[in-house]
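S.K.: heads up, no residue letters with this:
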Ligand SMILES: O=C(O)C[C@H]1C=CC(=O)O1
């Protein structure tokens, strides 16, 4: 099942720089593990924003929720999930 996910990152200014850098590195590693597993199939930066559009290919809403809630940056992100369905004109 495919999902379009919009992530807006909002790291608090008062979070110590070293801690923020550690979380960002953990997030990168986790995201690349999911990309290699074929679950995080698109990851694009939104130009001019600390945000992304992603596409996930997973088995269920529950699996996606589990993946997203385990993101190290999850506490510092605003996330919107849009389920995707086949378009009748798609070739
Ligand atoms: O930078 C972001 O868009 C947030 C998050 C998504 C992947 C990653 O490495 O960080």
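M.R.: All right, it came through fine. Keep in mind it's a predicted model, so treat the numbers as computed, not measured. Numbers count the residues shown, from 1 in each chain.
S.K.: tell me who's in contact with the residue lying closest to residue 70 once chain neighbours are set aside.
M.R.: Nearest residue to residue 70 in three dimensions, chain neighbours excluded: residue 30, at 7.3 Å (C-beta to C-beta, 6 or more residues apart in numbering). In short, each C-beta sits where N, CA and C put it, glycine included. Contacts for residue 30 (C-beta atoms under 8 Å, 6 or more residues apart in numbering) come out as 70-72.
S.K.: and residue 30, which of the three is it?
M.R.: helix (DSSP: H, G, I helix; E, B strand; the rest coil).
S.K.: and if you look at residue 6?
M.R.: strand.
S.K.: give me the number of residues near the residue lying closest to it once chain neighbours are set aside?
M.R.: Distance criterion C-beta to C-beta, 6+ apart; nearest residue to residue 6, sequence neighbours excluded, is residue 80 at 4.5 Å. Residues near residue 80, counting by other C-beta atoms under 10 Å, number 10.
S.K.: give the partner strands of the strand or helix carrying residue 80 in its sheet and their orientations.
M.R.: Element membership of residue 80 [criterion: DSSP states H and E] is strand 77-84. Note on strand 77-84: by DSSP bridges, its sheet partners are strand 2-9 (antiparallel).
S.K.: okay, buried residues for the strand it pairs with please.
M.R.: 3, 5, 7 (16 or more other C-beta atoms under 10 Å).
S.K.: can you pull the contacts of the last one?
M.R.: Residues counted as contacts of residue 7 (C-beta under 8 Å, 6+ apart) are 51-52, 54, 73, 77-79.
S.K.: same thing with residue 83?
M.R.: For residue 83, the contacting residues are 1-3, 61, by C-beta under 8 Å, 6+ apart.
S.K.: quick check, nearest of the residues you listed to the ligand?
M.R.: Nearest to the ligand among these: residue 3, at 14.5 Å, using C-beta to the nearest ligand atom.
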